[in-house]
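Q: After the sequence you'll find the predicted model.
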Amino acid sequence: MTTEQDSVREALRLEPGAPVDLAAVDPAAKPVGPKSKKKAAKDLARLAPELDDLQEALYAEGRSDGRRRVLLVLQGMDTSGKGGTIRHAAGVFNPQGLRIASFGKPTAEELEHHFLWRIRRQLPEPGIIGVFDRSHYEDVLVARVDELVPEDQWRARYDEINEFEASLVADGVTLVKCFLHISPDAQRKRLLARLDNPAKYWKYNPGDIDVRARWHDYQAAYVEAMQRCGTSDAPWYVVPGDRKWYRNWAVTRILLETLRELDPQFPAASFDVEAERARLTDHDPLA
């Protein structure tokens, strides 16, 4: 079990500027934290009240002219569990303080604009925890592998992304970028599970097999994206994703450590507390 001195962020964070080698990261590993699903569930249950308090304080800051907010970016191959991570990690928070956005294939309207246009429209407001299911990184992943734009165009986007993320950080956004790392075998099993269960047919897309055939191309695209767009202010975390329970625990703990570091505070009263107390006790018009 992880102790309060252990840092999940330190264990899973990619060092900015260092070479990225996904082949050296075991998707089924448990490098830090609980070694069983039962212990992970127990740990998350123990931490849920603290997460709730931290979120409420952040939300209160935002309602009182604070600028700080958090943006969780989830990327990964098909079946890596972006939706499941949102359901479990973001599920511990009050929905009032969440903004969740999913980015699929761009619409005709979105294609008429700069690739960051649709991203900017979904950014969380101050005090809010935002969650992106896929993100602006699709434009250096899918656009690259499927050759949707010329190479010089998608390569130029690395610098644009770094400038964009730097501007977010300057405006009070704390970025938490997680790559959910799964193995080809785990993906195959999850795709077959969708075909075995009629209730999951809706999640299956025949095109997923075509994407799977480009597995190595996508891995190369992810490696370069994380290497080119990992900074000290917006680092990447590689989360082992073959074990769903570990993935959910790790992302939740990363969020917890992030919120602890932010240490949001409830705003001081903008009124005379004792005078308002007297109005309710000594001069209550309905008493």
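A: Done, it's in.

Q: which stretches of this structure form helices?
A: Under the criterion DSSP state H, the chain carries helices at the ranges 8-12, 37-63, 82-89, 108-111, 117-120, 142-145, 151-170, 184-196, 207-212, 215-228, 244-262, 273-281.

Q: Let me know which of the ones you listed is tucked in deepest.
A: Taking mean count of other Cβ atoms under 10 Å as the contact definition, the stretch among those with the greatest mean neighbour count is helix 244-262, which reaches a mean of 21. (Each C-beta comes from the backbone N, C-alpha and C, glycine too.)

Q: What mean pLDDT does that one get?
A: Model confidence over helix 244-262 averages 98 on the pLDDT scale.

Q: Same question for stretch 184-201.
A: Along stretch 184-201, the predicted local confidence has a mean pLDDT of 96.

Q: rewinding a little: switch the helices of the chain over to a markdown table; also include distance to residue 18.
A: Conversion of the helices of the chain to a markdown table gives the following (distance: least, Cβ to Cβ, whole Å):
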| stretch | distance to residue 18 |
| --- | --- |
| helix 8-12 | 14 |
| helix 37-63 | 28 |
| helix 82-89 | 25 |
| helix 108-111 | 34 |
| helix 117-120 | 26 |
| helix 142-145 | 22 |
| helix 151-170 | 16 |
| helix 184-196 | 25 |
| helix 207-212 | 28 |
| helix 215-228 | 8 |
| helix 244-262 | 19 |
| helix 273-281 | 51 |
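
Q: Looking at those, spot the one closest to residue 129.
A: Between residue 129 and the helices of the chain, the shortest separation by Cβ to Cβ is 6.4 Å, and it involves helix 37-63.

Q: For the closest one, enumerate the helices and strands it packs against.
A: Secondary-structure packing of helix 37-63 (3 or more Cβ pairs under 8 Å, 6 or more residues apart in numbering; DSSP states H and E): strand 69-76, helix 244-262.

Q: What pairs with the first one, parallel or antiparallel?
A: Partners of strand 69-76 in the sheet, by DSSP bridges, are strand 129-133 (parallel), strand 173-181 (parallel).

Q: contacting residues around the spatially most central residue of the chain?
A: For the chain, the residue sitting closest to the mean C-alpha position, by Cα atoms, centre = their mean, is residue 72 at 2.7 Å. Remark: with contacts taken as Cβ atoms under 8 Å, 6 or more residues apart in numbering, residue 72 is in contact with 89, 90, 129, 130, 131, 132, 176, 178, 251, 255.

Q: redo that, cut-off 7 Å
A: 129, 130, 131, 132, 176, 178, 255 (Cβ atoms under 7 Å, 6 or more residues apart in numbering).

Q: ok, back up a step: I'd like the helices and strands packed on helix 37-63 written out as CSV, with distance to residue 228 added.
A: Compiled in CSV, the helices and strands packed on helix 37-63 are given as follows (distance: least, Cβ to Cβ, whole Å):
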stretch, distance to residue 228
strand 69-76, 14
helix 244-262, 22
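
Q: of all the ones you listed, which lies closest to residue 96?
A: That would be strand 69-76 among the helices and strands packed on helix 37-63, by Cβ to Cβ, at 13.8 Å.

Q: quick revisit: residue 279: which of the strands paired with strand 69-76 is closest?
A: strand 129-133 (35.1 Å).

Q: circling back: which one of the helices and strands packed on helix 37-63 lies closest to residue 282?
A: helix 244-262 (39.7 Å).

Q: Give me the packing partners of the closest one, helices and strands only.
A: helix 8-12, helix 37-63, helix 82-89, strand 173-181, strand 236-240 (3 or more Cβ pairs under 7 Å, 6 or more residues apart in numbering; DSSP states H and E).

Q: Out of the helices of the chain, which gets nearest to residue 25?
A: If you check each of these against residue 25 by Cβ to Cβ, helix 8-12 wins as the nearest, at 9.2 Å.
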